[in-house]
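Asker: fold the following for me, if possible:
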Amino acid sequence: MNNHKILEIKNLNVNIENNKIINNLNLSIGRGEIHAIMGKNGSGKSTLAKVIAGHPHYTIKNGNIILKSEDITYEEADKRSHKGIFLAFQHPIEISGVNNIDFLRLAYNSKQKTLNKQELDPLSFFERISNQLKDVEMDNTFLNRYVNEGFSGGEKKKNEILQMSLLSSELCILDEIDSGLDVDALKSISSNINNFANSNNSIILITHYEKLIKYIKPKYIHIMQEGKIVYTGDHTTANLIEKYGYDFIDDKS
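Answerer: Numbering: from 1, shown residues only. Purely as a prediction, here's the structure:
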């Protein structure tokens, strides 16, 4: 496995409206690794995801975000996306009037253009996306529906996974991808994530639940409190949280 670091976060401090929400946070992720971030509501998990992806609403006071040895701390979100970062939202937005296939082709060709690679015409793109639809077990009919409009929770999450796969993203941040899913949908999404994972990409799972960890088994689990990572363990950490809650961390201090 190639252990070259794909992401390094060094002493990151982030504010929103003069309130510190990320507090001197450090994190290192190698290629081929799956990491999970857990913690109580308000601990900063989703904020961290958005900051890595370049959300403009947050102010980075100091620290660095390094992607593939390049400092992207102040890069705009679209440039980060083209460089390989993908963020799957907890609540994917609906885009009325925009067909899924048009949205996906625009996203794909935008990245291709930035990387000076060949863009695909509608027919060529349909052939490509059809194969990836099979991989995530989605029907072709989803291509002609408006983006996420009328989709079930599981279908919305599969559509996020489809985008991730289409863009061949190298650093994938899945913010509560398991939220609102029934058992069958969770198993399906987990299978899609495991199939996507390889030695050249890395995945960050943000979750509250032990079940997702059970199906995916990340290499590391990080626990956040008050905007910083206070504990790191392996996938069995989720069992301790399920049994004792986050109080077990204080017992280890």
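Asker: how much space between Ser152 and Ser69?
Answerer: 40 Å (Cβ to Cβ, to the nearest Å). The way it works is simple: take the backbone N, C-alpha and C, and place the C-beta from them, glycine included.
Asker: where exactly do the helices run in the stretch 101-250 of the chain?
Answerer: Shown for the stretch 101-250 of the chain, the helices assigned by DSSP state H, counting those that start in this stretch span residues 122-135, 153-166, 183-196, 210-216, 237-244, 247-252.
Asker: closest one to Ser81 among these?
Answerer: Across those, Ser81 has its closest neighbour in helix 153-166 (10.4 Å, Cβ to Cβ).
Asker: ramachandran angles for Asn26?
Answerer: phi -130, psi 140 (degrees, to the nearest 10).
Asker: what about it, neighbour count?
Answerer: Asn26 has 12 neighbours, counted by other Cβ atoms under 10 Å.
Asker: my read: it touches Leu48, true?
Answerer: No. Judged on Cβ atoms under 8 Å, Asn26 makes no contact with Leu48 at a distance of 11.6 Å.
Asker: show me where the protein has its strands.
Answerer: 5-16, 19-30, 34-39, 59-67, 70-71, 85-88, 95-99, 146-147, 171-175, 202-206, 220-225, 228-233 (DSSP state E).
Asker: need the ones you listed in CSV (columns: mean pLDDT and distance to Gln163).
Answerer: Shown next, in CSV, are these (pLDDT from 0 to 100; distance: least, Cβ to Cβ, whole Å):
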stretch, mean pLDDT, distance to Gln163
strand 5-16, 96, 19
strand 19-30, 95, 21
strand 34-39, 96, 19
strand 59-67, 96, 19
strand 70-71, 96, 23
strand 85-88, 96, 7
strand 95-99, 93, 13
strand 146-147, 94, 10
strand 171-175, 96, 10
strand 202-206, 97, 14
strand 220-225, 95, 25
strand 228-233, 94, 28
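Asker: as TSV, those with distance to Ile161 would be great.
Answerer: What follows is these, written out as TSV (distance: least, Cβ to Cβ, whole Å):
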stretch	distance to Ile161
strand 5-16	19
strand 19-30	19
strand 34-39	14
strand 59-67	21
strand 70-71	26
strand 85-88	7
strand 95-99	17
strand 146-147	14
strand 171-175	8
strand 202-206	11
strand 220-225	21
strand 228-233	26
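Asker: which regions of the protein lie under the pLDDT threshold?
Answerer: With pLDDT under 70 as the threshold, the chain has low-confidence stretches at 1-3, 250-253.
Asker: residue nearest the centroid of it?
Answerer: Centrality entry for the chain: nearest residue to the mean C-alpha point is Ile173, 1.5 Å, by Cα atoms, centre = their mean.
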